[in-house]
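# 3D, please:
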Amino acid sequence: MTHLQLVAAIAETGQVLSAAEKVGMTQPAASRLLAQLEKAVGAPIFRRHLRGVKLTEVGEILAKGATRMLSDLDLTQERIDQTLQGAHGAVRIGSVTGPSMQWLLPTVRDLRADFPQIELTVHVDTSVKLADALLSRELDFFLGRVPDGVDSRPFRFEPVSEEPIALVVRRGHPLAGRTDLTLDDCLDFDWVMQPPGGLLRQTTENYLISHGVRLPERTLGTTSTLFTLALIHDTDAIAPLARAVAEFYVRETRIGGRVDMLDVAPDLRVKTYGLVRRVEDEATPAAERVIRQLMERAPRPTE
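Take a look at the predicted model:
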């Protein structure tokens, strides 16, 4: 164990002395352990230079393996501690915007009341960024989709539901309240959407094309829901947003939001989202408890 800790510390510090202090030993003792390790490996694992040491290619491979093994051991100890202590621990959750409002928010509210000792962290972003965070172990799981074009083998996906989309405008917009509204009527105004390539934008543009409607000529791209809401509040712009988000702000009692959903494109929706986890990892007891409560609340396909 000490050998693994030492080589991982050298990769981090680039100094034998600093690595020794980090592990809690003297520099001579660290040098002896490194000599033992090189003998066991059968090749040099570092080379000295004026400012410290640099790992060889073999050393870098060894250091990466050591770091991964130590991380797995820490996770194992965390699971043991949580099992012994009950429903304790930290759970890091990711979510795309729609499910975060419709599905995650009420679950978090109940968890805070029933299990206040579980520390929850929620990160809302696109599925692409959430997938990267999941693979780098920054998240325990996320609510979203496995991104197109990536290797899906590291992911386990449990489908839940499609995500309805609404076209949102400010309260008092010229199109608000019209029951004879068409998609063509909406093209006279600016649109606020994700940058090109975003799933919500692709879905909206494909929907317009499939209905024989040209794409908006004046479009502002942003990934920020807050900026989108601020912009449509102050202008006549139109924004496609997850219907769960739109409904949250349409209600008079919700954070003073003053927006309306246009009576058009009722069948506009993004492809099925769900619970995404790493294939090779088991969830901690605290994460399993959160997942169970989430799945109990999972919206049905007709919702």
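
# what sits against the residue positioned nearest the centre of the chain?
The chain has Leu130 as the residue nearest its centroid, 2.7 Å off, counting by CA atoms, centre = their mean. Contact partners of Leu130, counting by CB atoms under 8 Å, 6 or more residues apart in numbering, are 94-96, 123, 139, 142, 144, 276. C-beta: built from backbone N, CA, C; applies to glycine.

# Would you mind measuring from the closest residue to Ser127 other than its chain neighbours to Val124?
Distance criterion CB to CB, 6 or more residues apart in numbering; nearest residue to Ser127, sequence neighbours excluded, is Gly144 at 3.9 Å. For Gly144, the distance to Val124 equals 10 Å [CB to CB, to the nearest Å].

# any residues in contact with both of these two?
Common contact partners of Gly144 and Val124 (CB under 8 Å, 6+ apart): 94-96.

# on that earlier part again, based on its surroundings, how many neighbours for the residue nearest to Ser127?
Other residues within reach of Gly144, judged by other CB atoms under 10 Å, total 29.

# Which single one of the contacts of Leu130 is nearest to Val213?
Each of the contacts of Leu130 was checked against Val213 using CB to CB; the closest is Val96, at 25.5 Å.

# Skip the chain neighbours and tell me the closest residue to the closest one.
Once flanking residues are discounted, Val96 sits nearest to Gly144: 4.2 Å by CB to CB, 6+ apart.

# Please name the residues that touch the residue nearest to Ser127.
The contact partners of Gly144, by CB under 8 Å, 6+ apart, come to 94-96, 99, 126-127, 130-131, 273-274, 276.

# mind listing which of the residues you listed are in helices?
Counting by DSSP state H, the contacts of Gly144 place 99, 127, 130-131 in helices.

# Farthest pair within these?
Farthest apart among the ones in helices among the contacts of Gly144 by CB to CB are Pro99 and Ala131. That separation is 14.8 Å.

# Quick one: the strands in the stretch 201-303 of the chain, in order.
219-221, 239-242, 259-261, 269-278 (DSSP state E, counting those that start in this stretch).

# where does the stretch 1-150 of the chain have low pLDDT?
79, 81-87 (pLDDT under 70).

# Would you state the strands of it in chain order?
So, for the stretch 1-150 of the chain - with DSSP E, counting those that start in this stretch - the strands run 46-49, 52-55, 89-95, 118-124, 141-144.

# Of the ones you listed, which is nearest Leu241?
With CB to CB as the criterion, Leu241 lies closest to strand 118-124 of the strands of the stretch 1-150 of the chain, at 13.2 Å.

# What residues sit buried inside the closest one?
By 16 or more other CB atoms under 10 Å, the buried positions in strand 118-124 come out as 118, 120, 122, 124.

# Tell me, how many residues neighbour the nearest residue to the third one once chain neighbours are set aside?
If the residues on either side of it in the chain are set aside, Val122 comes closest to Ile93, at 5.1 Å by CB to CB, 6+ apart. Look at Ile93: counted by other CB under 10 Å, it has 23 neighbours.

# And the one 5 residues further on, by the same measure?
The burial metric for Gly98, expressed as a neighbour count using other CB under 10 Å, is 26.

# Could you tell me which residues make contact with it?
Residues in contact with Gly98, defined by CB under 8 Å, 6+ apart, are 163-164, 242-245, 270, 273.
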